[in-house]
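sequence below, structure please.
(4 chains)
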2 protein chains.
Amino acid sequence: MNKKQELAEAATDHALEHGLIGLSLRPLAAAIGTSDRMLIYHFGSKDELVAAVLAVSNERSIAIIRKVPPSGSVRQAVMDLWGAFGDRQLQRCQRMYVEAAALGLFGREPYATSVVGSNDGWMVAMTAHLRASGAGVTEAPGLAALVDATFNGLMLDRPLESDDVARRIVEDLADALERATTGTGHPGNE
Amino acid sequence: MNKKQELAEAATDHALEHGLIGLSLRPLAAAIGTSDRMLIYHFGSKDELVAAVLAVSNERSIAIIRKVPPSGSVRQAVMDLWGAFGDRQLQRCQRMYVEAAALGLFGREPYATSVVGSNDGWMVAMTAHLRASGAGVTEAPGLAALVDATFNGLMLDRPLESDDVARRIVEDLADALERATTGTGHPGNE
DNA sequence: ACGGCAGTGTAGCAACTGCTACAGTGGGAA
DNA sequence: TTCCCACTGTAGCAGTTGCTACACTGCCGT
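Alright, predicted model coming up:
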């Protein structure tokens, strides 16, 4: 059991670096000092290996988000969450999540299922941070979904835009949300 | 030349339906009534075929966006653009774009290069619509990037959320941006 | 009539894929 | 000592991949 966990961690490190899409057993095994034979032995199939890798990556992502201390306002919460996205480890986890989500878009397994599971835990953590930073109970989930979607979208275009540009876009979003949530009433979903 | 164009269109149709990631020449060729031999003959390599497919898809996407008539306000512009995303053809084009972008995240060619090119034209079209709907010259590009990122992010989680949920999130964004752009001064990048 | 050239089918290559069969190791329990 | 079991290496299978060599068609200009 311990061995399996070690392999899962090592495989995750490798996948975070080299991507999930072209992942194949033999190169992966060689890189982490084992053999394809062993990976199949411990995980049963490549699909289960991939599911394990996605689970490990998701745990790491959530752990990083949970460490962000509560912010003083919704605006600051958005900026602080974005700051957390500056963490290279989190960036790689998100990058791989985007890969998995893209694969899941066409219903491929185990990606589609893993993505749903990962997203659940992730949204809980995002929502919790917004709540702790002053967002209302009813509005927090919607805000979290909006912020998450925007961050993921920016991740997709990250190679295109400098970090400065992305940061300014996030500032626009943060400002807009601050006005929306503190203004007279708040928008959308009551 | 004509034949090549026909093949590119047919290949695009097939890729929009079945995805770009697992795409391989023989099944694709069989589906569109030709042979792998012919695809290589006309395009030279699979990479060039893929580049052609992405270009065709991008042209279609932009054509759809350009048809959206100018909206009366920034809020309405965001909602109208989102409405355009309800178009199934556009949805599939965006879905494939997300696939290409995910592949490009790790620097894979020809995806990374194609994605940059596609994004340029796409952002021009998005910006143009926001401009025509009342957004200022300086703020329109930032708004377009923000809206685009959010839409793409929502696309990633589309299997997770009902269209109603996504729509409410977009409404939140539209309301927030409307307040931000018509309020006293406007946020971020002056 | 003839040469050339765009287009096409058939067969195949070398590399790679996930996975399996077989044959072992070593150590710890009885 | 004996047995068992977690673990491992070697070889290989059947299938798929992008791509190519070779041979052939038909049409079009001369």
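
closest residue of chain A to DNA strand C?
Ranking the residues of chain A by distance to DNA strand C (Cβ to the nearest atom of the strand) places residue A:24 first, at 2.9 Å. Every residue, glycine included, has its C-beta placed from N, CA and C.

can you list the residues of chain A near DNA strand D?
With Cβ under 7 Å from any atom of the strand as the criterion, chain A meets DNA strand D at residues A:1, A:2, A:3, A:34, A:35, A:37, A:38, A:41, A:42.

hmm, 10 Å instead?
With Cβ under 10 Å from any atom of the strand as the criterion, chain A comes near DNA strand D at residues A:1-4, A:6-7, A:25-26, A:29, A:33-42.

from those residues, which land in helices?
Secondary structure from DSSP state H places A:2-4, A:6-7, A:25-26, A:29, A:36-42 of these in helices.

among those residues, which two are most distant?
A:2 and A:26 (23.9 Å; Cβ to Cβ).

those two: which is more packed in?
Remark: of residue A:2 and residue A:26, residue A:26 carries more neighbours, 11 against 6, as counted by other Cβ atoms under 10 Å in any protein chain shown.

hmm, that one is touching residue A:37, no?
No: at 9.8 Å, residue A:26 and residue A:37 do not qualify as touching, with contact defined as Cβ atoms under 8 Å.

can you list the weak-confidence ranges in chain A?
Residues of chain A that meet the criterion pLDDT under 70 lie in A:1, A:182-190.

how about the residues of chain A by DNA strand C?
A:22-30, A:35-41, A:43-50.

just the C-alphas of the helix or strand containing residue A:117, formatted as CSV.
Using DSSP states H and E, residue A:117 sits within helix A:111-132. What follows is helix A:111-132, C-alpha atoms only, in CSV (Å, rounded to 0.1, in the frame of the first residue of the first chain):
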residue,chain,number,x,y,z
TYR,A,111,-11.0,12.1,-17.0
ALA,A,112,-14.6,13.2,-17.0
THR,A,113,-15.4,11.5,-13.7
SER,A,114,-12.2,12.6,-12.0
VAL,A,115,-12.7,16.2,-13.1
VAL,A,116,-16.2,16.2,-11.5
GLY,A,117,-14.8,14.9,-8.3
SER,A,118,-11.9,17.3,-8.2
ASN,A,119,-14.1,20.3,-9.0
ASP,A,120,-16.4,19.6,-6.0
GLY,A,121,-13.6,19.7,-3.4
TRP,A,122,-12.0,22.7,-5.2
MET,A,123,-15.2,24.8,-5.2
VAL,A,124,-15.8,24.1,-1.6
ALA,A,125,-12.4,25.5,-0.8
MET,A,126,-12.8,28.5,-3.0
THR,A,127,-16.3,29.2,-1.5
ALA,A,128,-14.9,28.8,2.0
HIS,A,129,-12.3,31.5,1.4
LEU,A,130,-14.7,34.0,0.0
ARG,A,131,-17.1,33.3,2.9
ALA,A,132,-14.3,33.9,5.4
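
quick check: buried residues in that helix?
For helix A:111-132, a neighbour-count test (16 or more other Cβ atoms under 10 Å in any protein chain shown) marks A:111-112, A:114-115, A:118-119, A:122-123, A:125-127, A:129-131 as buried.

mind checking the SS state of the most centrally placed residue in chain A?
What sits nearest the mean C-alpha location of chain A, by Cα atoms, centre = their mean, is residue A:94, with 3.9 Å. Counting by DSSP: H, G, I helix; E, B strand; the rest coil, the backbone at residue A:94 sits in helix.

picking up where we left off before, does whichever helix or strand comes after the helix holding residue A:117 reach chain B?
Counting by DSSP H and E, the element after helix A:111-132 in chain order, helix or strand, is helix A:140-157. Yes: counting by Cβ under 8 Å from any Cβ of the partner chain, chain B is contacted by helix A:140-157 at A:142-143, A:145-146, A:148-157.

now for helix A:140-157, which elements pack on it?
helix A:74-84, helix A:88-104, helix A:111-132, helix A:163-182, helix B:88-104, helix B:140-157, helix B:163-182 (3 or more Cβ pairs under 8 Å, 6 or more residues apart in numbering or on different chains; DSSP states H and E).

for the fifth one, buried residues please.
When neighbours are counted by 16+ other Cβ under 10 Å, the buried residues of helix B:88-104 are found to be B:90, B:92-104.

what's the answer for the first one, then?
Of the residues in helix A:74-84, those buried under the neighbour-count criterion (16+ other Cβ under 10 Å) are A:74, A:75, A:76, A:77, A:78, A:79, A:80, A:81, A:82, A:84.

likewise stretch A:132-151?
For stretch A:132-151, by 16+ other Cβ under 10 Å, it's A:133-135, A:139-151.

stretch A:42-62 too?
A:42-43, A:46, A:49-58, A:60-62.

so which of the buried residues of helix B:88-104 are also by chain A?
Within the buried residues of helix B:88-104, those near chain A by Cβ under 8 Å from any Cβ are B:95, B:98, B:99, B:101, B:102, B:103, B:104.

leaving out sequence neighbours, find the closest residue to the fourth one.
Read that as residue B:101. Here the nearest residue to residue B:101 in space, its sequence neighbours aside, is residue A:156; by Cβ to Cβ, 6 or more residues apart in numbering or on different chains that works out to 4.4 Å.

one more: the last one?
By the measure of Cβ to Cβ, 6+ apart, the closest residue to residue B:104 outside its immediate chain neighbours is residue B:112, 3.7 Å from it.

pretty sure the one you found contacts residue A:157?
No: using Cβ under 8 Å, residue B:112 is not in contact with residue A:157, being 11.8 Å away.

for stretch A:2-18, which positions count as buried?
Quick answer for stretch A:2-18 (16+ other Cβ under 10 Å): A:7, A:8, A:10, A:11, A:12, A:13, A:14, A:15, A:16.

which outside residues touch the helix or strand encompassing the fifth one?
Using DSSP H and E, residue A:12 maps to helix A:2-18. With Cβ atoms under 8 Å, 6 or more residues apart in numbering or on different chains as the contact definition, helix A:2-18 has outside contacts at A:23, A:28, A:31-34, A:38-39, A:42-43, A:49, A:52-53, A:55-57, A:60, A:89, A:92-93, A:95-96, B:106.
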